[in-house]
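**Student:** I would like to see how this sequence folds:
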Amino acid sequence: MGKDDKLVDRFLKIPKDFTWDELIAVLKHYGYTLIKSGKTGGSRRKFVNDKKVIINLHKPHPENIVKQYAIKQIIEKLTEQGDF
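**Tutor:** Modelled structure (predicted):
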């Protein structure tokens with residue numbers, strides 16, 4: 001099992017300590033890239049894949065831990081897209 005597979009497995013367990021950087025790695029594993037926001041983009045971040053599917057998230061701050069409800073929403077979105 002590779003590093004990405006282990007990270008995806010951890011992600012699917014909906015941990016309380018999943019970091020933003022880990023989330024970016026998981027989404028990158030499934031072909032999503034972060035769309036660069038403008039100077040006044042705030043804390044909203046958008047990820048898009050080659051099918052033009054957009055995942056819109058709130059970047060956590062001041063901590064770097066992703067909320068569990070956000071992880072559940074992402075799992076649901078990835079499941080709808082057939083990634084799981």
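**Student:** which helix is the longest one in the chain?
**Tutor:** The helix that spans the most residues within the chain, counting by DSSP state H, is helix 68-80.
**Student:** and that helix, how far from the chain's centre?
**Tutor:** The chain centroid and the centroid of helix 68-80 are separated by 8 Å under C-alpha atoms, centre = their mean, to the nearest Å.
**Student:** Give me the neighbour count for the closest residue to L57 other than its chain neighbours.
**Tutor:** Nearest non-adjacent residue to L57, counting by C-beta to C-beta, 6 or more residues apart in numbering: R45, 5.2 Å away. C-beta here means a position set from N, CA and C on the backbone, and glycine is covered the same way. By other C-beta atoms under 10 Å, 18 other residues sit near R45.
**Student:** and R45, how far is that from L27?
**Tutor:** 10 Å (C-beta to C-beta, to the nearest Å).
**Student:** Please identify every residue contacting each of those two.
**Tutor:** Listed contacts common to R45 and L27 are L34; contacts here mean C-beta atoms under 8 Å, 6 or more residues apart in numbering.
**Student:** Next, name the residue at the spatial heart of this protein.
**Tutor:** For the chain, the residue nearest the mean C-alpha position is L23 (4.1 Å; C-alpha atoms, centre = their mean).
**Student:** Now do the SS call for that residue.
**Tutor:** Secondary structure for L23, judged by DSSP: H, G, I helix; E, B strand; the rest coil, is helix.
**Student:** What is the three-state secondary structure of R45?
**Tutor:** Counting by three-state DSSP, the backbone at R45 sits in strand.
**Student:** hey, where'd the helices end up in this structure?
**Tutor:** Going by DSSP H, the chain shows helices at 3-12, 20-29, 68-80.
**Student:** Would you mark the buried spots in the longest one?
**Tutor:** Within helix 68-80, the residues that qualify as buried are 70-71, 74-75, 77-78, counting by 16 or more other C-beta atoms under 10 Å.
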